[in-house]
Structures are given as structure tokens and as C-alpha cells.
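Asker: Structure, please.
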Amino acid sequence: MADQPIAVVAGPDEHGLGEELDALDVEIRRIEGLVTAEALSAAGIAEAAYFVLTDVEEATGIPVAKELHPEVLVVTYAGRSLPEFVAGVADLAVDPDLMDPETVAEELVGGAADRET
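Answerer: The predicted model follows:
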């Protein structure tokens, strides 16, 4: 079980990216409500491979997640653009209208081996 990647998912996830990652054997840990250092720590951000944010209103959680775990891959999956102050901190921003959650999940999990080399 230790080899199973973890994704911390914050926000409503109305498009089901968390479920698609789960289908690819990624352990999903959700944050309901505010994305704070305490919430991120409780969700296990320090051991997570991915931090998925679906609510750009909680974008302040991105630099906090990176501070707690600099190697976590930050992915935003939302129709709205990120605020400028965090846009450069996120690793990947995807609009659900442009890419379905199944494809995003496959690319994240499939690309993990490329990132490790």
C-alpha cells in the first residue's frame, strides 16, 4: 500500500477528477472547506504525489501546499483562471471544458514515471 500514490483533492470536484484518479489506484484524500496548512497537513500533503485544486477561490492553499511539500505536483482543474500571485506556483492548470477528467487522470498517473527519471 505504501507504493500507492496519494492525491489531496480540495474543492467540490464536480467533474470527478478525484474519482478518475481513484480508478487508477491513486488514494484520494479530500479537504472540505478552507485549504489551510492544518487541513493540508491533516490530509497528508507531506506524502502526497498530487495536490488537486478545483476551486480557485482557495488558490492561497497552493503556496502553502508547496511550502509543506515542495515536490507535490499542484494541479488546478477549474474553469476560472488562477490569480496572478499563485499562477506561477501551480504546476499544471487545466480547464474542464478543454480536457475531460479521465484524460487528466491518465496523464497525471502516466506521466509520474517520466517525472521520477
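
Asker: the helices in the protein, which residues?
Answerer: In the chain, the segments counted as helices under DSSP state H are 17-23, 37-43, 61-68, 84-87, 101-116.

Asker: Can I get these in TSV including mean pLDDT, distance to residue 78 and mean neighbour count?
Answerer: The C-beta positions use only the backbone N, C-alpha and C, and glycine is treated the same way. TSV is the format used below for these (pLDDT from 0 to 100; distance: least, CB to CB, whole Å; neighbours: other CB atoms under 10 Å):
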stretch	mean pLDDT	distance to residue 78	mean neighbour count
helix 17-23	97	10	20
helix 37-43	98	18	16
helix 61-68	97	12	20
helix 84-87	89	12	12
helix 101-116	81	12	15
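
Asker: Out of those, the one nearest residue 50 is which?
Answerer: Across these, the minimum distance to residue 50, taken as CB to CB, is reached by helix 101-116, at 6.2 Å.

Asker: Apart from its neighbours in sequence, what residue is nearest the residue minimising distance to the centre of the chain?
Answerer: Centroid-nearest residue in the chain: residue 52, 1.6 Å away (criterion: CA atoms, centre = their mean). Leaving aside its chain neighbours, residue 52 sits nearest to residue 9 (4.6 Å; criterion: CB to CB, 6 or more residues apart in numbering).
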